[in-house]
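Trainee: Here is a sequence together with a model predicted from it:
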Amino acid sequence: MHVRSTHSSGISRQALRPAIALGLASRRCLQGRRSTPSEQGLTIIECLVAIVIIALTVVAITPPIMLATASRIQSRKVEKANQVAQGEVDRVRLLVERGSYVVNDLPGTTGTINGTNNISSFGAATGSPTGGLLYSSGTVDGTPTGAPCGNYPGATPVAVTDLIRVDVDGDCKPEYVMQVFRTPGYAPTPPALTATSVPFSFEMGVRVYAYYPPPQPFLPLDTTKASLRMGTGPLDIAGGKRRPMAVLYSKMARNDSSRSLGQLCIQNGGNTTANCPY
């Protein structure tokens with residue numbers, strides 16, 4: 001009996017040794033975890049540092065985002081202004097190429113036909129941007145069958161100093177104003193030239209400005225085209241004047257085979273009575 005109890009006691013001690021070792025190891029592991037800083041949470045100072053870092057990051061990336069957005073809006077305005085100018089040039093060119101037009105179908109001008117006017121000599125418009133003619137494809141009630149709100153082009157030429165309002169999205173509200181003009185041009189003689197003589201060739205110009213409705217003040221207009229620049233302010237203001245967002249000059253010539261050589265001679269400085277006979 002005594003031997004059996006001793007043997008049984010030795011077996012039980014040996015069996016308990018791994019369990020005791022495992023318990024001690026688990027206790028040490030738990031003590032190590034409790035002492036780890038990551039298990040203790042963030043302190044107030046750490047939270048404040050994180051907030052400061054986030055705030056500095058937002059402050060650093062906000063200006064570039066605002067500049068990129070403003071530049072994209074400016075580019076879109078300039079692109080639409082160029083489309084307006086090109087559309088007006090194409091409208092007049094189609095009339096001239098067909099040959100079935102009168103003086104009243106063309107843009108306004110100053111000077112006399114067969115004169116020496118330069119297209120760049122035309123100053124900026126001085127007329128009011130409110131009221132007057134409206135170039136629009138929209139209707140008053142917004143329906144396809146409604147009355148059109150546009151009244152340009154009209155039956156008479158627009159004066160060189162007047163502005164034409166332009167609606168690009170069809171809501172009968174202008175987004176741009178444009179100045180359209182042309183040189184008196186050249187016409188064959190005979191017949192005798194009069195104020196209503198139709199030019200066979202001429203140069204025309206279109207300047208497109210951004211439209212700012214009242215109560216914003218109407219600034220004097222300039223003839224120098226506005227340039228794109230980085231910034232959030234208006235790009236078309238310089239020296240207290242409003243610059244055009246699009247400027248387009250184009251030469252027009254009537255497609256008349258019977259007079260084409262003589263007209264080309266005149267455009268290159270010839271004289272209708274001396275070296276450019278018809």
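Mentor: Thanks, I have the structure now.
Trainee: where do the strands sit along the stretch 151-278 of the chain?
Mentor: 164-166, 176-182, 201-210, 237-238, 241-242, 246-253 (DSSP state E, counting those that start in this stretch).
Trainee: now for the ones you listed, which one comes closest to Lys77?
Mentor: For Lys77, the closest of the strands of the stretch 151-278 of the chain is strand 201-210, at 6.6 Å, according to CB to CB. To be clear about C-beta, it is placed using only N, CA and C from the backbone, and glycine gets the same treatment.
Trainee: For the closest one, name the packing helices and strands.
Mentor: helix 44-98, strand 176-182, strand 246-253, helix 260-267 (3 or more CB pairs under 8 Å, 6 or more residues apart in numbering; DSSP states H and E).
Trainee: hmm, try it at 7 Å
Mentor: Packing contacts for strand 201-210, counted by 3 or more CB pairs under 7 Å, 6 or more residues apart in numbering; DSSP states H and E, involve helix 44-98, strand 176-182, strand 246-253.
Trainee: Do you know the pLDDT at the residue lying closest to Pro214 once chain neighbours are set aside?
Mentor: Once flanking residues are discounted, Pro214 sits nearest to Thr130: 6.6 Å by CB to CB, 6 or more residues apart in numbering. Per-residue confidence (pLDDT) for Thr130: 78.
Trainee: what do you get for Val158?
Mentor: Confidence score, pLDDT, at Val158: 87.
Trainee: residues near it, how many?
Mentor: Per other CB atoms under 10 Å, the neighbour tally for Val158 reads 21.
Trainee: Quick check: the gap between it and Met178.
Mentor: 10 Å (CB to CB, to the nearest Å).
Trainee: Show me whatever sits in contact with both of those two.
Mentor: Ile164 (CB atoms under 7 Å, 6 or more residues apart in numbering).
Trainee: Doesn't the residue nearest to Pro214 belong to a helix?
Mentor: No: Thr130 is assigned coil when assessed by DSSP: H, G, I helix; E, B strand; the rest coil, not a helix.
Trainee: Phi and psi next, for it.
Mentor: phi -100, psi 140 (degrees, to the nearest 10).
Trainee: burial count for it?
Mentor: Thr130: 13 surrounding residues under other CB under 10 Å.
Trainee: Quick check: the gap between it and Phe218.
Mentor: 8 Å.
Trainee: low-confidence ranges in the stretch 101-250 of the chain?
Mentor: Low-confidence segments of the stretch 101-250 of the chain, defined by pLDDT under 70, span residues 115-116, 189-196, 229-234.
Trainee: make it 80
Mentor: Within the stretch 101-250 of the chain, the stretches with pLDDT under 80 are 111-118, 130-132, 188-197, 217, 228-236, 238-239.
Trainee: picking that back up, how close does the residue nearest to Pro214 sit to Asp141?
Mentor: In terms of CB to CB, Thr130 sits 23 Å off from Asp141.
Trainee: List the buried residues of stretch 242-253.
Mentor: 242-248, 250, 252-253 (16 or more other CB atoms under 10 Å).
Trainee: same deal with stretch 92-99?
Mentor: Applying 16+ other CB under 10 Å to stretch 92-99 flags 92, 95-96 as buried.
Trainee: Kindly report the same for stretch 143-162.
Mentor: Buried residues in stretch 143-162 (16+ other CB under 10 Å): 149-150, 152-153, 157-160, 162.
Trainee: Please flag which of these sit within helices.
Mentor: Among the buried residues of stretch 143-162, no member is found in helices (DSSP state H).
Trainee: Can you pick out the most distant pair from those residues?
Mentor: So, the buried residues of stretch 143-162 by CB to CB: farthest apart are Cys149 and Val160, at 24.7 Å.
Trainee: bridging residues for the nearest residue to Val92 once chain neighbours are set aside?
Mentor: Take Val92 and drop its neighbours on the chain: the residue closest to it by CB to CB, 6+ apart is Met204, 6.0 Å away. Taking DSSP bridges as the rule, Met204 bridges to Arg182, Ser250.
Trainee: Surely Met204 is in contact with Arg93?
Mentor: No: here Met204 does not reach Arg93: they are 8.7 Å apart, not a contact under CB atoms under 7 Å.
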